[in-house]
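Colleague: model the structure of this input:
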Amino acid sequence: MSTYFYGMSDLELVGHVNAIPDASELSQALAVRVKSLVEKREDLARELGKTRAELLELRISIGEDKLDAYREIVENA
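Modeller: This is a model prediction of the structure:
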């Protein structure tokens, strides 16, 4: 494979294979599977980002709760 193709993203490669008018059925089937896997990977990456943000929010909330509890202990002492 030439360096031209190495510079392409997964979806660009899939589009390139699908654009070849005489691409074999096997190449097209593989391109469809790669596209599906790339889309799944992108969905998982988005989900991971969302989960990380939720975890950060939870950590901040726990920290705030601990601080509030400490303040309450200090005020009542």
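
Colleague: and the helices in the protein, which stretches?
Modeller: With DSSP state H as the criterion, the chain has helices at 3-6, 10-19, 25-76.

Colleague: and those, which is most packed in?
Modeller: Here the criterion is mean neighbour count by mean count of other CB atoms under 10 Å, and of the helices of the chain the winner is helix 10-19, at a mean of 14. C-beta here means a position set from N, CA and C on the backbone, and glycine is covered the same way.

Colleague: and the helices of the chain as JSON lines, adding mean pLDDT?
Modeller: Formatted as JSON lines, the helices of the chain follow (pLDDT from 0 to 100):
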{"stretch": "helix 3-6", "mean pLDDT": "73"}
{"stretch": "helix 10-19", "mean pLDDT": "77"}
{"stretch": "helix 25-76", "mean pLDDT": "91"}
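
Colleague: I'd like the distance between Ala53 and Asp65.
Modeller: Distance, Ala53 to Asp65, by CB to CB, to the nearest Å: 19 Å.
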